[in-house]
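Colleague: need coordinates for the below:
(2 chains)
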Amino acid sequence: MKSNLFENSKNTFLDIVIAEDYIQIDRVSKIYLSLQESVKKPLKMILLYGKPGTGKSMFLTKLYHDLLATKVVYLYQTPILDDDEFFTTLAKDILDVKYQGYLNFTQFMKIIETKSFDEAPIVLLDEAQLYSNALIEKIRLLSDTRKIKFVITLHKTEKEDLIAKEHFQTRIWESVELENASLSELKIYIQKKLMKANCFDSADMFKDNAVKLIYKLTKGNYRDTNKLLYTLFEIYSHYEEQAPHKINTNKISTKIVEMSAIHTGLIHA
Amino acid sequence: MLNTNELEKKWLHYKIKSYIPHATIVISSIIIVVIVSTFDYVQTNNTTQNKNNTSLTASNNEPLQPITQVQEIKVAVVEKKELNETPQQKQKETSAAQQEIIKPIETLAIESKTVIEPSLNFIDRIRIASISQPQNVQATPTKTLQSETINAPVVEAPAVEVVEEESKVIKKEKEFSFANKETKNSLNIKRNNSQEDINLVIKRFKKSNDPTLGLFIAKYYYDAGDYNLAYNYALITNQLDNNIEACWIIFTKSLVKLDQKDKAIQTLKDYIKHSHSSNAQTLLDEIVTGGMK
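Modeller: You can find the predicted model right below:
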């Protein structure tokens, strides 16, 4: 039974973006609500930025699922790097028109200017830092037509800051920064996530000391935390099967947290 | 599938590595504490030993001879006890012996105090005299006298003898006053001696040709009213050292007393030309005006 519990707990922390797995944390919830409000306004472009692993993709996915029922919204999780392919895909999705071959930017602009929408469709672009500068410039020009709203996510690095400054400084009407979790937020995140998967015993094992250590290792980064806890429960699961005497099911072992950190590269042993 | 054994090894390695800085700090702290405490202990021991030594040696200002005797006594006692007693008994006996030893130290020290007392009085008197008598007489310093007098209570037997010899003179109320180092040649001598004592000083003067003693004798005879002898000794002393102001003053005063006022005035004038002495000038004025007594 216990091994099943650890197995379930392990799977809870698989690093995949599923809107249903989204964990409500007060601060993030407020940001989310403000973003939802911003999307309703006639803004041309909204920028969502933050360091890797701060939950931007999850945030965008959650937004997509929540808006889907009331808005015309399109999510592109994987960047379309070729310009013509990008505009062809947009035309197919937004205009519901199938073209023979590729559609370039000029052709797309001509078409979009002839179209009128009751409400501007919202295009969500994840990992926008991977787009070329030329394509970003074209997206900016497209947003200026006010025919399409864009919500884009960027990694916050020096390079991305530069892109943001060069291309979006005067275009962006709203920007939202996502940050790593605080210590208390991390504890809520872990326990909520486990409880959502009905892993109550596992959730109860996370005492303050264990959470502090995890926070120290991951600095509240959600992706690192997911990776660490996935490995942690994998080790627990292994011990449960092979050497149950080595584990204490009342609390998370510091040793196993450190072993997980070594395995995931958070500790360089 | 995770290789937990490998992971455990890595974890152990990591733990050891993470404890190394802490262990280093703790070990180095312990070493420092041990070194410091050892040093402190050694220093404290040295200080107490020094204190013991100084308290034994300096307790009565004249500890040298008594201590030597005490040490001899101590050795004698220990040797006696060693012959046929167990180590525990030895300890007891040794401590008892040490207690016994303390008594002789005190008694001997007291005895020695009586022996050395004159030399201390001698120093005290010199100091008092140097403070109370502003009028200084130029004289060649008697280094041997000073150094021997100061060192005598502490160091060596011959020095003690010198002090004793000197102290005899002091007992008979001779007062030597030495000025400070800046006027190291100046010296005041008062005398109130018997003929026997002055003979002793004259003998020493003849032996040593020390101008200080010559001046002392001249002053003695001048005070005693024997102006011929005073003139003679002042003359000899001036020949030995012609820079002693007090000696020139005694010399001219003796001349005045011997009714050779003109010669005295001339001598003083020559001396004033040479030395610009204010004391000599004052005396000259007194002689000229007839104010000298």
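Colleague: ok and the residue in the stretch 151-269 of chain A nearest chain B?
Modeller: A:Ala269 (3.8 Å; C-beta to the nearest C-beta). For glycine as for every other residue, the C-beta is placed from the backbone atoms N, C-alpha and C.
Colleague: count the residues that sit near the residue nearest to that residue when sequence neighbours are not counted.
Modeller: In space, and not counting its chain neighbours, A:Ala269 is closest to B:Tyr14: 3.8 Å by C-beta to C-beta, 6 or more residues apart in numbering or on different chains. Neighbour count of B:Tyr14, defined by other C-beta atoms under 10 Å in any protein chain shown: 17.
Colleague: also B:Ser277?
Modeller: The burial count for B:Ser277: 17, using other C-beta under 10 Å.
Colleague: who's in contact with it?
Modeller: For B:Ser277, the residues meeting the contact criterion (C-beta atoms under 8 Å, 6 or more residues apart in numbering or on different chains) are B:Glu245, B:Trp248, B:Tyr271.
Colleague: quick one: which of those is most hemmed in?
Modeller: Most surrounded of those: other C-beta under 10 Å gives B:Trp248, at 27 neighbours.
Colleague: am I right that that one is in a helix?
Modeller: Yes - according to DSSP: H, G, I helix; E, B strand; the rest coil, B:Trp248 belongs to a helix.
Colleague: got the contact list for it?
Modeller: Listed by C-beta under 8 Å, 6+ apart, the contact partners of B:Trp248 are B:Ala234, B:Asn238, B:Asn242, B:Thr267, B:Leu268, B:Tyr271, B:Ser275, B:Ser277, B:Ala280.
Colleague: so, low pLDDT: which residues of chain A?
Modeller: Low-confidence segments of chain A (pLDDT under 70): A:1-4, A:157-173.
Colleague: from chain B, how far out is the closest residue to A:Lys44 other than its chain neighbours?
Modeller: Among residues not flanking A:Lys44 along the chain, A:Ser143 sits closest, at 4.2 Å (C-beta to C-beta, 6+ apart). Look at A:Ser143 and chain B: by C-beta to the nearest C-beta, to the nearest Å, they are 48 Å apart.
Colleague: now do the residue of the stretch 1-150 of chain B found nearest chain A, the pLDDT please.
Modeller: Closest residue of the stretch 1-150 of chain B to chain A, C-beta to the nearest C-beta: B:Tyr14 (3.8 Å). What the model reports for B:Tyr14 is a pLDDT of 92.
Colleague: ok, now how distant is it from B:Ile31?
Modeller: 26 Å (C-beta to C-beta, to the nearest Å).
Colleague: returning to that earlier point: tell me who's in contact with the residue of the stretch 1-150 of chain B closest to chain A.
Modeller: Neighbours of B:Tyr14 in contact, by C-beta under 8 Å, 6+ apart: A:Glu258, A:Ile262, A:Ile267, A:Ala269.
Colleague: A:Asn198 - that's part of a helix, no?
Modeller: No - counting by three-state DSSP, A:Asn198 is not found in a helix; it is coil.
Colleague: that one contacts A:Asn8, correct?
Modeller: Yes - applying C-beta atoms under 8 Å as the test, A:Asn198 and A:Asn8 come out as touching, 7.4 Å apart.
Colleague: residue numbers of the stretch 101-250 of chain A in contact with chain B?
Modeller: Neighbours of chain B within the stretch 101-250 of chain A, by C-beta under 8 Å from any C-beta of the partner chain: A:Thr231, A:Glu234, A:Ile235, A:His238, A:Tyr239, A:Gln242.
Colleague: so which of those are in helices?
Modeller: Within those, residues falling in helices by DSSP state H are A:Thr231, A:Glu234, A:Ile235, A:His238, A:Tyr239, A:Gln242.
Colleague: show the contacting residues for the fifth one.
Modeller: If you count contacts by C-beta under 8 Å, 6+ apart, A:Tyr239 has them with A:Lys246, A:Ile247, A:Ile256, B:Thr4.
Colleague: which SSE is the residue nearest to the spatial centre of chain A in?
Modeller: Nearest to the geometric centre of chain A sits A:Ser57, at 1.9 Å (C-alpha atoms, centre = their mean). Per DSSP states H and E, A:Ser57 falls inside helix A:56-67.
Colleague: by contact count, what packs against that helix?
Modeller: Secondary-structure packing of helix A:56-67 (3 or more C-beta pairs under 8 Å, 6 or more residues apart in numbering or on different chains; DSSP states H and E): helix A:26-40, strand A:45-50, strand A:73-76, strand A:122-125, strand A:149-155.
Colleague: so which of those is the most packed in?
Modeller: Comparing the helices and strands packed on helix A:56-67 by mean neighbour count (mean count of other C-beta atoms under 10 Å in any protein chain shown), strand A:149-155 comes out on top with a mean of 24.
Colleague: which residue ranges of chain B form strands?
Modeller: Using DSSP state E, the strands found in chain B span residues B:175-178, B:187-190.
Colleague: which of the ones you listed has the lowest average pLDDT?
Modeller: Ranked by mean pLDDT, the strands of chain B end with strand B:175-178 in last place, scoring a mean of 44.
Colleague: ends of stretch A:237-257, what's the gap?
Modeller: 13 Å (C-alpha to C-alpha, to the nearest Å).
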